[in-house]
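# Take this sequence and fold it.
(2 chains)
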Amino acid sequence: MSLVVPTMAEMMAKGEAPEYLFWVGCSGSFDDRAKKITKALVKILNETKVNFAVLGTEESCTGDPAKRAGNEFTFQMQAMMNIQVLDGYEVKKVVTACPHCFNTLKNEYPELGGEYDVIHHTQLIQELINQGKLTLKGGDTFKGKKITFHDPCYLGRANDVYEAPRALIEKLDAELVEMKRCKTNGLCCGAGGAQMFKEAEKGNKEINVERTEEALETSADIIATGCPFCNTMMTDGVKNFNKEDSVEVLDVAELIANAAEL
Amino acid sequence: MGQIIFAVVLTAGLGFFAWNVRKVRSNILLGRDVDRSDNKKERWKTMILVAFGQQKMFTRPIPALLHFAIYAAFVITQIELIEIFIDGVSGEHRIFRSSLGGFYTFMISFIEILSVAALIATFIFLARRNLLKIPRFNMKEMNGWPKMDGNMILFMEIILVTCIFTMNGTDEMLYSMGASHAESLGDGSMNLTISSLIAEPLFGGMSESSLHTLERIGWWGHIIMVFAFLNYLPYSKHFHIVLAFPNTYYSNLEKKGRFTNMESVTNEVKLMMDPTADPFAAPPEGAPEPQRFGAKDVTDLTWKNLLDSYTCTECGRCTSACPANMTGKLLSPRKIMMDTRDRLVEVGENKRKHGAEHDDGKSLLGDYITEEELWACTSCNACVQECPVNIDPLSIIVDLRRYLVMEESKVPTELTGMLTNIENNGAPWQFSPTDRLNWANEE
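Down below sits the predicted model:
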């Protein structure tokens, strides 16, 4: 099944306006692993006939890593350019699979004039399932599997979203197991605050190794996340323990797309 | 004579405290302004839950219960202090006893029971700090004065409680001998729950005059400890017992992920994006002097950051939850707060001694906090989440980073690449913006 991915420009040319703008983000657009998450989400959106569009080549970095790194100039330049584009299309609702984009768009754009109703993809998927628009036909895809959820900092502590991703995992025929540090106490994967783009400072351990160790202690078969950066960090962590054959790192959107046989 | 000495101690004790509080207040007000006057209802609620109700302490139940015992004893004892003040000034002895009767016995007994709980908690706290070596109490930044500060408060607590029971126990003994200065209500005991138990075994057989002397030692010891403690506060991490209340009231009520917007930058960016703007236009008359971007020293931080630093009691929950710290990096959010306070005290002293414009050539960034610490932060907000009194070390870290990056262009090399990529091609990696939608057609 091929993906249907309309752009805002195409929609506008037809005189239409989508309900949601899907903000793909740089990871979701360029990173090979994250692109799979993007596609899983699009499959869900297509299946449930959500009226959405992407900005495509008109999208640009939200400026999150620049802001976290202390470069407010670069951040605000990005933000203002993006706001011009978003406002040009009269965007009202935004959904994104990246908690960093989510946080920045939702919390930091309003002060610069960009007011949108921003939700994380796990929240939208939860809504779609609750509305009966998506059924998990392949209910036994994950039968007998243990899944643990790693809270992305910018989804959890930063924005208090803890339940949506868990509610989705609980809809699978699998066991949700929690790590010692979860929800408000969740441990960072090590990528936030622009760390994704640099080597860590000198220490005695990598943060993602510490976190993966904790995830492996739950003897989960799947480490679920809701963030492309966390995904990268946890995948690397699993490789560090040579467990890539027995433990998968998957985004919640991928779990749901699988269970819905999309 | 006693009354005069008491009046002197009282005036000196309160006066010196007030003088120090003014100093602390003026130090805090050296910070930049930030508006926290909104949403009063939510602020009161936060203060009542987090400071008064100690909500966030209870994520770690054992220390929370022990801490609560000391806290409850401290708060309730304030009621007894009212009587001690009045007795001290008027020369009466247990002035409220005859009028309050049974309620008086209940209140003092309640305070006694809480004091025993507090004493037990104090010994356990001493053990946790010195014998059990709980890691967060034994990190590098705790060496020297901070460690001693922590123990000193606990020793003071022991002396205080000892004085209370010396005072009450001897009075109970005297009362049963019919020799107490407290008014006799025609019973054989004052019925203070703990003191009536310890009076005989501890003070039985002593002469009336020794008991009176001991009672006075207990009474004076107690009140002198109270004043000593009060005046120790502004120099100690223990100031949190006062500042926890305003600090939680002025909490950041926004989502933790939201970093502050720098308006000075907004103005410049708007100018850059406005094709009609004249880039060489002189600033309008009376425009404020442009501020430094970010923070180099404590005076570049907000007053709330500075209030945070005085409120920090160095419990180390932030540091024990910090992913950078637990993986051996130099960063410790607690140290960020301690450094901020130490530097603020230094800056404040300098200004008082040498005038407001004095520059000692030092700064928070560099002399106290190093770049290596700052760049280890993942901005995960665990430290902010953990703090039982809503201190925000992350906002200080971010402001120091902002100074490094925007004023000094000191950026880790890899981040320079990331920033250049964002500016050139709208992504932190070097991909062409025209390829942004390629994923839609890839298999």
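
# The most centrally placed residue in chain A: what's it in contact with?
Nearest residue to the geometric centre of chain A (Cα atoms, centre = their mean): A:A97, 3.0 Å. Listed by Cβ atoms under 8 Å, 6 or more residues apart in numbering or on different chains, the contact partners of A:A97 are A:24-25, A:28, A:37-38, A:41, A:120-121, A:226, A:228, A:251, A:253. Every C-beta, even on glycine, is put in place using the N, C-alpha and C of the backbone.

# Kindly recompute the last result at 6 Å.
Applying Cβ atoms under 6 Å, 6 or more residues apart in numbering or on different chains, we find A:A97 in contact with A:28, A:37, A:41, A:121.

# and the strand or helix carrying the second one, what other elements does it pack with?
In this structure, A:I37 sits in helix A:32-47 according to DSSP states H and E. With contacts taken as 3 or more Cβ pairs under 6 Å, 6 or more residues apart in numbering or on different chains; DSSP states H and E, helix A:32-47 sits against helix A:25-30, helix A:252-259.

# ok so, going back, which one is the residue nearest to the centre of chain A nearest to, not counting chain neighbours?
What sits nearest to A:A97 in space, not counting adjacent residues and going by Cβ to Cβ, 6 or more residues apart in numbering or on different chains, is A:H121, at 4.3 Å.

# Could you pull up phi and psi at B:G257?
Backbone torsions for B:G257, taken as degrees, to the nearest 10, come to phi -80, psi -10.

# can you count the residues close to it?
25 (other Cβ atoms under 10 Å in any protein chain shown).

# Touching, it and A:C101? I think so.
No: using Cβ atoms under 6 Å, B:G257 makes no contact with A:C101, being 11.4 Å away.

# residues shared between the contacts of these two?
Between them, B:G257 and A:C101 share no contacting residue, judged by Cβ under 6 Å, 6+ apart.

# List the residues that contact A:C153.
Counting by Cβ under 6 Å, 6+ apart, A:C153 touches A:188, A:192, B:380.

# Would you agree A:V249 falls within a strand?
Yes: assessed by DSSP: H, G, I helix; E, B strand; the rest coil, A:V249 belongs to a strand.

# in chain A, which ranges drop under the pLDDT threshold?
A:1, A:139 (pLDDT under 70).

# quick one: secondary structure of the residue in it positioned nearest to chain B?
Using Cβ to the nearest Cβ, A:A158 is the residue of chain A that sits closest to chain B, at 2.7 Å. Using three-state DSSP, the structure places A:A158 in coil.

# What number of residues are in the vicinity of it?
A:A158 has 26 nearby residues by other Cβ under 10 Å.

# swap in B:F123?
Neighbours of B:F123 (other Cβ under 10 Å): 13.

# Please name the residues that touch the residue nearest to B:M418 when sequence neighbours are not counted.
In space, and not counting its chain neighbours, B:M418 is closest to A:F197: 4.0 Å by Cβ to Cβ, 6+ apart. With contact set as Cβ under 6 Å, 6+ apart, A:F197 has these partners: B:414-415, B:418, B:428.

# Between those, which sits nearest B:R292?
Of all the contacts of A:F197, B:L415 has the smallest distance to B:R292: 20.8 Å, by Cβ to Cβ.

# any idea which element that closest one lies in?
Counting by DSSP H and E, the element that carries B:L415 is helix B:413-425.

# about what we covered before: the helices and strands packed on helix A:32-47 into CSV, with extra columns for mean neighbour count and distance to B:P63?
Converted to CSV, the helices and strands packed on helix A:32-47 look like this (neighbours: other Cβ atoms under 10 Å in any protein chain shown; distance: least, Cβ to Cβ, whole Å):
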stretch, mean neighbour count, distance to B:P63
helix A:25-30, 25, 40
helix A:252-259, 25, 35
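
# and those helices as a markdown table, adding distance to chain B?
A markdown table is the format used below for the helices and strands packed on helix A:32-47 (distance: least, Cβ to the nearest Cβ, whole Å):
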| stretch | distance to chain B |
| --- | --- |
| helix A:25-30 | 4 |
| helix A:252-259 | 14 |
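
# Make a markdown table from those and add distance to A:L134 to it.
Converted to a markdown table, these look like this (distance: least, Cβ to Cβ, whole Å):
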| stretch | distance to A:L134 |
| --- | --- |
| helix A:25-30 | 20 |
| helix A:252-259 | 7 |
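
# Would you mind telling me which of these is nearest B:E423?
helix A:25-30 (13.5 Å).

# ranges for the strands of chain A?
Applying DSSP state E to chain A gives strands spanning A:20-23, A:52-53, A:93-96, A:117-120, A:146-149, A:175-177, A:222-225, A:248-251.

# Burial check on A:K92, number of neighbours?
A:K92 is flanked by 14 other residues according to other Cβ under 10 Å.

# what's the helix or strand harbouring B:I153 packed up against?
According to DSSP H and E, B:I153 maps onto helix B:145-176. With contacts taken as 3+ Cβ pairs under 6 Å, 6+ apart, helix B:145-176 sits against helix B:102-130, helix B:195-198, helix B:208-232.

# what's the angle between the helix holding A:I37 and helix A:252-259?
60 degrees (axes from the mean of the first three to the mean of the last three Cα atoms, to 10 degrees).

# Buried residues in helix A:32-47, which are they?
The neighbour-count check on helix A:32-47 (16 or more other Cβ atoms under 10 Å in any protein chain shown) flags A:34-47 as buried.

# same check, this time on stretch B:235-246
B:236-245.

# how long is it from one end to the other?
18 Å (Cα to Cα, to the nearest Å).

# Now it: average pLDDT?
For stretch B:235-246, mean pLDDT is 96.

# again, but for stretch B:155-162
95.

# would you list every one of the helices in the stretch 1-150 of chain A?
A:8-13, A:25-30, A:32-47, A:64-68, A:72-88, A:99-103, A:121-130 (DSSP state H, counting those that start in this stretch).

# and those helices as a markdown table, adding distance to B:I111?
Formatted as a markdown table, these follow (distance: least, Cβ to Cβ, whole Å):
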| stretch | distance to B:I111 |
| --- | --- |
| helix A:8-13 | 69 |
| helix A:25-30 | 59 |
| helix A:32-47 | 60 |
| helix A:64-68 | 50 |
| helix A:72-88 | 53 |
| helix A:99-103 | 49 |
| helix A:121-130 | 51 |
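
# tell me how far the ends of stretch B:32-49 are from each other?
So stretch B:32-49: terminal residues 28 Å apart, Cα to Cα.
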